[in-house]
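*Asks:* after the sequence you'll find the predicted model.
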Amino acid sequence: MKEMMMHYLSTLGVAGLFIAIFIESLGVPFPGGIMVVFAGFMVGQGRLNLYHALFSAVAAFVLGSIVAFFLGRYVGEPFFQRCGKYLNFSPRDLNQAQVRLKHSSAVFIILGRFIPGLSNVSPYLAGISRLGLGRFILYNFIFALLWGGLYLGIGIFFGHRWSYISGKLQIGLPVVAIILSLIYLGFTSIKKKLARKKL
């Protein structure tokens, strides 16, 4: 697997990285994150340019997510319910995620995309829920920059221990994202209750 990815990136460079991240951003199960780590490893070796790799990863993620957003908006919920199984997402998961999106779109998109499963469907749900395109692109860009920068950094500084570090991240990042999301939602809920009491 490692050798195959290295050969892929060595052959196609940042164009190959762009294709891999574009596929992942559509919600298709694909090792895009690991590909970014490998790209970072190659940056550390001087085989790829850092800025080109970061631009490619962010641009691919944003563009792929916009495609998914418009699929959600114009093809709609029935299509998503039929095809959700391919994204590892059940109709029950869909309903719960829509409720969360209504509470806070920024938290749902920026932090939610760090959570496996939810990450796959976030752009589709944003489109279905009629979230403004400008807001979606902004939140998605923030996530893509954080995600791309973090994974490239891991590849650059911990390239030889990528499997250990990425394994820890796959467990740790979702936990941190969930905790931060719960703190934010709890804070906004308390704030609303206090505002009602003042009235």
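*Replies:* Now that the structure is in, tell me what you want to look at. Numbers count the residues shown, from 1 in each chain.
*Asks:* mind listing the helices for this protein?
*Replies:* 2-25, 32-44, 50-74, 77-83, 91-103, 105-110, 118-128, 133-158, 162-198 (DSSP state H).
*Asks:* pull the residues that contact stretch 63-72.
*Replies:* For stretch 63-72, contacts defined as Cβ atoms under 8 Å, 6 or more residues apart in numbering pick out 21-27, 79-80, 122-128, 133, 136-137, 140, 144. In short, each C-beta sits where N, CA and C put it, glycine included.
*Asks:* mind doing that once more with 10 Å?
*Replies:* The contact list for stretch 63-72, computed with Cβ atoms under 10 Å, 6 or more residues apart in numbering, reads 18-19, 21-28, 32, 79-80, 83, 87, 109, 113, 120-131, 133, 136-137, 139-141, 143-144.
*Asks:* now a ChimeraX select for only the buried ones of those.
*Replies:* Burial among these is assessed by 16 or more other Cβ atoms under 10 Å; the matching ChimeraX selection reads:
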select :18,19,21,22,23,24,25,26,27,32,80,87,109,113,120,121,122,123,124,125,126,127,128,129,131,136,139,140,141,143,144
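*Asks:* contacting residues for Ile23?
*Replies:* 29-32, 35, 60, 64.
*Asks:* repeat for Ala15
*Replies:* 9, 56, 60.
*Asks:* show the pLDDT at it.
*Replies:* You'll see Ala15 listed with a pLDDT of 89.
*Asks:* what of Asn88?
*Replies:* Asn88 carries a pLDDT value of 63.
*Asks:* now swap in the one 4 residues further on and tell me
*Replies:* What the model reports as pLDDT for Arg92 is 71.
*Asks:* so what's the residue count around it?
*Replies:* Close neighbours of Arg92, defined as other Cβ atoms under 10 Å, add up to 8.
*Asks:* how close does it get to Phe141?
*Replies:* Remark: distance between Arg92 and Phe141 (Cβ to Cβ, to the nearest Å) = 30 Å.
*Asks:* over to Ile34?
*Replies:* With Cβ to Cβ as the criterion, Ile34 and Phe141 are 22 Å apart.
*Asks:* out of everything not next to it in sequence, what's closest to Tyr139?
*Replies:* Excluding its sequence neighbours, the residue lying closest to Tyr139 (Cβ to Cβ, 6 or more residues apart in numbering) is Ile109, at 4.0 Å.
*Asks:* any idea how far the nearest residue to Gly153 once chain neighbours are set aside lies from Gly46?
*Replies:* Distance criterion Cβ to Cβ, 6+ apart; nearest residue to Gly153, sequence neighbours excluded, is Gly40 at 6.4 Å. Using Cβ to Cβ, Gly40 is found at 12 Å from Gly46.
*Asks:* more neighbours, those two?
*Replies:* More neighbours surround Gly40 than the other of Gly40 and Gly46, with 28 against 7 (other Cβ under 10 Å).
*Asks:* so that one touches Leu152, yeah?
*Replies:* Yes. The criterion here is Cβ atoms under 10 Å, and Gly40 meets it with Leu152 at 3.9 Å.
*Asks:* shaky segments in the chain?
*Replies:* Low-confidence segments of the chain (pLDDT under 70): 1-3, 5-7, 76-77, 79-81, 83-91, 93-100, 102-103, 116-117, 159-199.
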